[in-house]
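Student: I need the structure of the sequence given here:
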Amino acid sequence: MKNSHRRLLGWSLGAIVLILVLFHLSHSPQWRDFQWSRLGYLLVHVKLNFLIFAILASYSSFLLRALRWRFYVDSIKKCSLWILFVAQIFGFSSIYLIGRAGEVVRPAYIAKTEHLTFSSQLAVWLIERVYDSIAMVILFALGLYFEPIRPLTARHAGVLQRIREGSVVVMVLSLVGIALLLLFKHYSESVLEWFAQWESTFMIKIRSRVVNFLRSFATGLGVIKNPYDFIASMVCTVALWIVNVTAIWLDFHSLGGNLQHLSWWVAALTLVLAALGLAVQLPGVGGGYQVVTLLALRDFFRVSPEGATSAAILTWLTVMVPCLILGLILLLHEGLSFRKLQVITEEERESVTPGA
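Tutor: Numbers count the residues shown, from 1 in each chain. From the prediction side, this is the model:
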């Protein structure tokens, strides 16, 4: 199946899921007295000072991601922090516009601009995903400790229990992933020698590509062997998620009402739960993120439907719109377009696995 067909199928399935969820919400008892005027009032009368700080926090998160990426590749090459920051903006702008297919824009742009191998940057991207997964699980556990959730119904309690069980699974898989990465890094030469011994016709054709990919991938795991870069990347991860949560908390305060009384830990739990909704996203409009944010605030933290809806809309706009605006400005500055970014990505992927 072609990439475009797979993408269309994914979008279609995501749209169906979101439509079913929204249909269920519209027929639930809590929404029968929904006041659109109240929703409009909350969005129009946001406190600009809190909103501005939320946007600045959002931009700071991209800078922290760039700094963390710099520590990841420090043992490979001293990369420009500016180029890494631009890559974060381009990458996340692509995700917001075309969905998860845009994930590879960041490693591809960095590989192209800094003259690094694409496979090494994919390794860095994988490490980043592992770090963030562990950070989210820890954040969720701390949030439940400092701000225990008291579900309104048995169904909500069941959902929360499944989320807890899922977080444990994510933590275990992340730890297993770290162990496998460490083992691969330590025994990479043995793995390469094993591949070199394959003599089948099929393997002869692709063996050199596989070996080159694995060698570059092993090089990309260089952060693991350098204690300073490892610790620095961990500190950046902690700072990143503190900033991410603070941006959500500032959004809540900008809306006022009952939302401004929600604690920082409620914002943390909401962010972690909303991240689950990113699995079901539509390009340019989101969907899953907003729906899960709305459900979390309404069902777990007893926020009114109007307040939960306004928070879901504002938090998504605070994340997406500033990134897209800066992304467009940087594209013009670099003489690029999103289409050219896709071409760069395809070229980098092709350099590793022809026909991918």
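Student: what about residue 168, neighbour count?
Tutor: Using other CB atoms under 10 Å, residue 168 has 12 other residues around it. No exception for glycine: its C-beta is placed from N, CA and C like everyone else's.
Student: scratch that, residue 154
Tutor: 8.
Student: quick one: it from residue 160, how far?
Tutor: Distance of residue 154 to residue 160, given as CB to CB, to the nearest Å: 11 Å.
Student: other SSEs contacting the lengthiest helix in the chain?
Tutor: The longest helix of the chain (DSSP state H) is helix 154-186. In terms of contacts (3 or more CB pairs under 8 Å, 6 or more residues apart in numbering; DSSP states H and E), helix 154-186 is packed against helix 118-146, helix 201-220.
Student: which ones are touching residue 174?
Tutor: 130, 133, 134, 137 (CB atoms under 8 Å, 6 or more residues apart in numbering).
Student: what pLDDT is listed against the last one?
Tutor: Okay, so that is residue 137. We note a pLDDT of 85 for residue 137 in this prediction.
Student: for residue 65, same thing?
Tutor: At residue 65, the model reports a pLDDT of 96.
Student: the closest residue to it other than its chain neighbours: neighbour count?
Tutor: What sits nearest to residue 65 in space, not counting adjacent residues and going by CB to CB, 6 or more residues apart in numbering, is residue 88, at 4.8 Å. Counted by other CB under 10 Å, the residues lying close to residue 88 total 24.
Student: could you check how far residue 88 is from residue 146?
Tutor: Distance from residue 88 to residue 146, by CB to CB: 30 Å.
Student: buried set for stretch 228-243?
Tutor: 229, 232, 233, 236, 237, 240, 241, 242, 243 (16 or more other CB atoms under 10 Å).
Student: and residue 158, how many neighbours does it have?
Tutor: The burial count for residue 158: 11, using other CB under 10 Å.
Student: repeat that for residue 260.
Tutor: 13.
Student: quick one: pLDDT of it?
Tutor: Residue 260 is given a pLDDT of 85.
Student: quick one, what contacts the closest residue to it other than its chain neighbours?
Tutor: Take residue 260 and drop its neighbours on the chain: the residue closest to it by CB to CB, 6+ apart is residue 253, 4.7 Å away. By CB under 8 Å, 6+ apart, residue 253 lies in contact with 47, 50, 259, 260.
Student: only the buried subset of the residues you listed, as a PyMOL command please.
Tutor: Applying 16+ other CB under 10 Å to the contacts of residue 253, the buried members can be selected in PyMOL as follows:
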select buried, resi 50+259
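Student: as CSV, the contacts of residue 253 with distance to residue 340 and secondary structure would be great.
Tutor: Below are the contacts of residue 253 laid out as CSV (distance: CB to CB, whole Å; DSSP: H, G, I helix; E, B strand; the rest coil):
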residue, distance to residue 340, secondary structure
47, 39, coil
50, 37, helix
259, 41, helix
260, 43, helix
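Student: tell me which of the contacts of residue 253 is nearest to residue 289?
Tutor: Distance to residue 289, by CB to CB, is smallest for residue 259 among the contacts of residue 253, at 17.2 Å.
Student: please name the residues that touch that closest one.
Tutor: Per CB under 8 Å, 6+ apart, neighbours of residue 259: 252, 253, 297, 303, 307, 310, 311.
Student: in helices, which of those residues fall?
Tutor: 252, 253, 307, 310, 311.
Student: confidence-wise, which of the residues you listed comes last?
Tutor: Among the ones in helices among the contacts of residue 259, residue 307 has the lowest pLDDT, at 81.
Student: from residue 74, how far out is that one?
Tutor: Residue 307 is 44 Å from residue 74, by CB to CB.
Student: between these two, which one's more packed in?
Tutor: Per other CB under 10 Å, whichever of residue 307 and residue 74 has more neighbours is residue 307, with 24 against 17.
Student: quick revisit: will you turn the ones in helices among the contacts of residue 259 into JSON lines that also has distance to residue 348?
Tutor: Compiled in JSON lines, the ones in helices among the contacts of residue 259 are given as follows (distance: CB to CB, whole Å):
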{"residue": "252", "distance to residue 348": "40"}
{"residue": "253", "distance to residue 348": "42"}
{"residue": "307", "distance to residue 348": "44"}
{"residue": "310", "distance to residue 348": "41"}
{"residue": "311", "distance to residue 348": "38"}
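Student: show me the helices in the stretch 1-150 of the chain, by range?
Tutor: Listed in chain order, the helices found in the stretch 1-150 of the chain under DSSP state H, counting those that start in this stretch are 3-26, 36-44, 48-72, 81-98, 105-114, 118-146.
Student: ranking the ones you listed by mean pLDDT, which is last?
Tutor: With a mean of 49, helix 3-26 has the lowest mean pLDDT of those.
Student: any idea of the pLDDT on residue 212?
Tutor: We have a pLDDT of 66 for residue 212.
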